[in-house]
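Chemist: Curious how this folds, go ahead:
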Amino acid sequence: HTHTHNKHKLTHAPYQTANAAGSKLRAAGAKTVILTLGAMGSYVLGADVAELVPANKVTAADTSGAGDAFIGALAFYLTTQPDLGLAEQVRRSGVIASHSVTKPGTQKSYPAKDALPTDLFV
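Modeler: As a prediction, this is how the structure comes out:
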């Protein structure tokens with residue numbers, strides 16, 4: 001495994017903060033840390049990865065439930081597509097979460113599979 005770094009990684013305060021928080025959690029015993037950063041994306045930190053995963057750019061109507069959409073999608077990818085790699089699983093989960101914020105509400109804003117890009121399920 002290699003360490004991959006997005007070109008924006010740790011060049012702005014939010015990313016420095018995410019890296020510091022992730023490092024503290026790893027020092028406390030967490031093997032892998034995933035921090036969601038809203039419109040900035042997610043930060044993944046583990047033994048074999050340190051990567052900023054950019055968010056999809058959307059116009060948000062309501063961010064309620066975005067975290068639940070992200071975690072649900074991540075659980076799906078972890079269990080059904082474990083060979084994707086964690087950063088790609090997080091990227092795809094972020095795409096699904098970004099779709100959920102374009103409509104008001106929580107559960108009713110969660111997109112159906114057929115409303116999502118097909119490449120998310122390849």
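
Chemist: CA atoms for contacts and neighbours, from now on please.
Modeler: Noted.

Chemist: In contact with the nearest residue to Val95 once chain neighbours are set aside, which residues?
Modeler: Among residues not flanking Val95 along the chain, Asn56 sits closest, at 6.0 Å (CA to CA, 6 or more residues apart in numbering). By CA atoms under 8 Å, 6 or more residues apart in numbering, the contact set of Asn56 is 39, 41, 94-95, 98.

Chemist: any idea how far Ala50 is from Asn56?
Modeler: Here Asn56 is placed at a distance of 19 Å from Ala50 (CA to CA, to the nearest Å).

Chemist: is it possible to export the contacts of Asn56 to CSV including secondary structure?
Modeler: Listed next are the contacts of Asn56 as CSV, based on DSSP: H, G, I helix; E, B strand; the rest coil:
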residue, secondary structure
Ala39, helix
Gly41, coil
Gly94, helix
Val95, helix
Ser98, helix
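
Chemist: What subset of those residues is buried?
Modeler: Among those, those classed as buried by 16 or more other CA atoms under 10 Å are 41, 94-95, 98.
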